[in-house]
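Novice: Below: sequence and its predicted model.
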Amino acid sequence: MPKTLVLVGTRKGAFLLESDADRRDWALRGPFCEGWPVYHAIHDAVTGTIYAAAASEWHGSAVWRSTDLGATWTLSSEGIAYDESSGRKLSKVSTLAARNGRVLVGVEAPGIFESKDGGETFSLLTTLAGQPGSEAWDDPANQPPGHLGISAIALDKSDDSRFWAIVQGIGLFETTDDGSTWTPRNRGLRADWPRPHEEVGFCVHKVVRSDDTRLFQQNHVGMHRSDDDGHTWTEITEGLPTEFGFAAAAHPHDRDTFYVVPLEPLHGRTMPEGRATVWQTKDAGSSWRPLTKGLPQEDAYLGVLREAMAIDSYDSPGLYFGTSTGQLFASNDEGESWSEIASYLPPISSVEVAVID
Amino acid sequence: MADLHLPGTLTPLFAGLPRRLDVEAATVDDAISELERQWPGLRDRLCEPGNLRTHIHVYVDRERATLATPLEPRSRVDVIAAISGG
């Protein structure tokens, strides 16, 4: 019977929750990574390795790894640094992506490092240099709170040399030649602020791949869909309670079904009216419906960060989201009903899920 | 031999690393190089390229030090993880 493994990155280390295919009863292990702040923890389906991007205020940034599903851990930062001559400082490793034994690591200041030896050593792949305005990316005055740099990397479903990267507060970029060249993919996005460059200056929070041509995006000012690989975007915010949010997930078997967690857009950044709600579209964003069964509907001022929602690959997919106050919720029926599977974790940065045969 | 004291946050990361050890070194930088030789990867936990990490403070005989600070044969070197919080 398959094992379901939920990987949770928190401000005080990584945690693992394990269940079977029914996804009803969960066993929690952790904290791992010596309590370092973990920004993103992932499972590489090919190698079976767990990777966790962590940044200690004292000891710097590193990628932790476990090849035995969390029983033992080691860390490496070998090669994760900018040349001293560049004047750039690497403050944290923010996001991870892995496929076919290769690990991509998004960092702040913006850049992507890669490992081809299972996380033992790393080398700089790209800084996306030459993009419009990139000379100002390292200016602290231009950095939004959080300072994640490359805040997310989205892989193509089949082409290893193609992926998308979000530069926080700047926009979405695509490479089709394994990071050698990049193209801004922000056409059609809305921005409610002045932008010195036509193609960039958008606050993209989360991008997920739905199928071979479709992407969904939650950004600072709305939900958007692209049916042409990100070349153009159409806003699909109407019907949602707010335009703001971070987390998003795409149904693995239905290209029109997609989930988001709208939040209050100003300082609060919690779920509107204190009601914990995941919103679902089944028609690619033409309409939205709230999913609330089993979620607290009173005095629940919960926040969910950009990597803190995941969906599994079962025929009836399970959904998972973690809050910035340490609650972890799960649904084993595509979001129709929910249960709280951990209540007292540290603030949650990321949630990912793996189905292991 | 300098008398080197390390923070408790380091020891779980490197097998066999003690909290206190004697190091033959002419400067703080040399001492960290000696640690790196015995426990590869340790330098990166204490230093950014060219400098100590922002929140790693080193004291030589109770005086705040840099990588270039010289060590006497009987210097006491304290490496401190310098901030804390919730």
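Specialist: Okay, I see it.

Novice: for residue A:60, what are its contacts?
Specialist: A:77, B:44, B:45, B:48, B:53 (CB atoms under 8 Å, 6 or more residues apart in numbering or on different chains). Glycine gets a C-beta too; all of them are placed from N, C-alpha and C.

Novice: quick one: least confident of these?
Specialist: Checked by pLDDT, the contacts of residue A:60 have residue B:48 as the lowest-scoring entry (90).

Novice: Hmm, that residue is touching residue A:89, no?
Specialist: Yes - using CB atoms under 8 Å, residue B:48 is in contact with residue A:89, at 7.0 Å.

Novice: And the two? Which one has more around it.
Specialist: Shown here are residue B:48 and residue A:89; by other CB atoms under 10 Å in any protein chain shown, residue B:48 has more neighbours (17 against 14).

Novice: Can you give me the distance of the more buried one to residue B:12?
Specialist: 21 Å (CB to CB, to the nearest Å).

Novice: ok, back up a step: compare the contacts of residue A:60 and tell me which is most surrounded.
Specialist: Going by other CB under 10 Å, residue B:45 tops the contacts of residue A:60 with 26 neighbours.

Novice: thought that one was touching residue B:13?
Specialist: Yes - the pair residue B:45 / residue B:13 is scored as a contact, 6.6 Å apart, by CB under 8 Å.

Novice: Now do the shared contacts for those two.
Specialist: Common neighbours of residue B:45 and residue B:13 (CB under 8 Å, 6+ apart) are residue A:59.

Novice: Contact partners for residue B:82?
Specialist: Counted by CB under 8 Å, 6+ apart, residue B:82 has contacts A:58, B:55, B:56, B:57.

Novice: which phi and psi does it have?
Specialist: phi -90, psi -10 (degrees, to the nearest 10).

Novice: Could you check how far it is from residue B:9?
Specialist: Taking CB to CB, one finds residue B:82 at 11 Å from residue B:9.

Novice: repeat for residue A:37
Specialist: Taken as CB to CB, the span from residue A:37 to residue B:9 is 13 Å.

Novice: for residue A:190, same thing?
Specialist: From residue A:190 to residue B:9 the distance is 44 Å (CB to CB).

Novice: Where does the prediction get shaky in the stretch 201-350 of chain A?
Specialist: For the stretch 201-350 of chain A, no stretch has pLDDT under 70.

Novice: Could I get the full set of strands for it?
Specialist: Along the stretch 201-350 of chain A, counting by DSSP state E, counting those that start in this stretch, strands occupy A:204-209, A:215-219, A:222-226, A:234-235, A:244-250, A:258-263, A:278-281, A:289-291, A:309-311, A:319-322, A:328-331, A:339-342, A:348-356.

Novice: ok, now how distant is residue A:297 from residue A:221?
Specialist: 27 Å.

Novice: oh, I was asking about residue A:148
Specialist: With CB to CB as the criterion, residue A:148 and residue A:221 are 19 Å apart.

Novice: Could you list the residues of chain A in contact with chain B?
Specialist: A:34, A:56-60, A:62, A:75-78, A:81-84, A:89 (CB under 8 Å from any CB of the partner chain).

Novice: Quickly check these for the two that are furthest apart.
Specialist: A:34 and A:83 (28.3 Å; CB to CB).

Novice: more crowded one of the two?
Specialist: residue A:34 (19 against 9).

Novice: gap between the nearest residue to that one once chain neighbours are set aside and residue B:4?
Specialist: Nearest non-adjacent residue to residue A:34, counting by CB to CB, 6 or more residues apart in numbering or on different chains: residue B:12, 5.1 Å away. Separation of residue B:12 from residue B:4 (CB to CB) stands at 18 Å.

Novice: what about these two, which has more around it?
Specialist: Applying other CB under 10 Å to residue B:12 and residue B:4 shows that residue B:4 carries more neighbours, namely 24 against 12.

Novice: where exactly do the strands run in chain B?
Specialist: B:2-5, B:20-23, B:47-48, B:51-52, B:56-60, B:63-65, B:76-81 (DSSP state E).

Novice: where in chain B is pLDDT low?
Specialist: Scanning chain B for pLDDT under 70 picks out B:84-86.

Novice: Up against chain A, what does it have?
Specialist: So far as CB under 8 Å from any CB goes, chain B lies against chain A at B:7, B:9-10, B:12-13, B:41, B:44-46, B:48-50, B:53, B:55-56, B:81-83.

Novice: redo that, cut-off 10 Å
Specialist: B:7, B:9-13, B:15, B:40-42, B:44-51, B:53-57, B:80-86 (CB under 10 Å from any CB of the partner chain).

Novice: can I get the CA coordinates of stretch A:329-348 in CSV?
Specialist: Extracted C-alpha coordinates of stretch A:329-348, given in CSV (Å, rounded to 0.1, in the frame of the first residue of the first chain):
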residue,chain,number,x,y,z
PHE,A,329,-5.1,20.9,7.7
ALA,A,330,-5.7,18.0,5.4
SER,A,331,-8.4,16.9,3.1
ASN,A,332,-8.6,13.4,1.5
ASP,A,333,-11.5,14.2,-0.8
GLU,A,334,-10.3,17.1,-3.1
GLY,A,335,-11.1,19.7,-0.5
GLU,A,336,-14.7,18.8,0.2
SER,A,337,-13.9,18.1,3.9
TRP,A,338,-11.0,18.9,6.1
SER,A,339,-9.4,17.9,9.4
GLU,A,340,-6.6,19.4,11.5
ILE,A,341,-3.8,16.9,11.5
ALA,A,342,-1.3,19.0,13.5
SER,A,343,-2.2,21.9,15.8
TYR,A,344,0.9,23.2,17.5
LEU,A,345,3.7,23.3,15.0
PRO,A,346,6.0,26.3,14.7
PRO,A,347,5.1,28.8,12.0
ILE,A,348,4.8,26.9,8.8
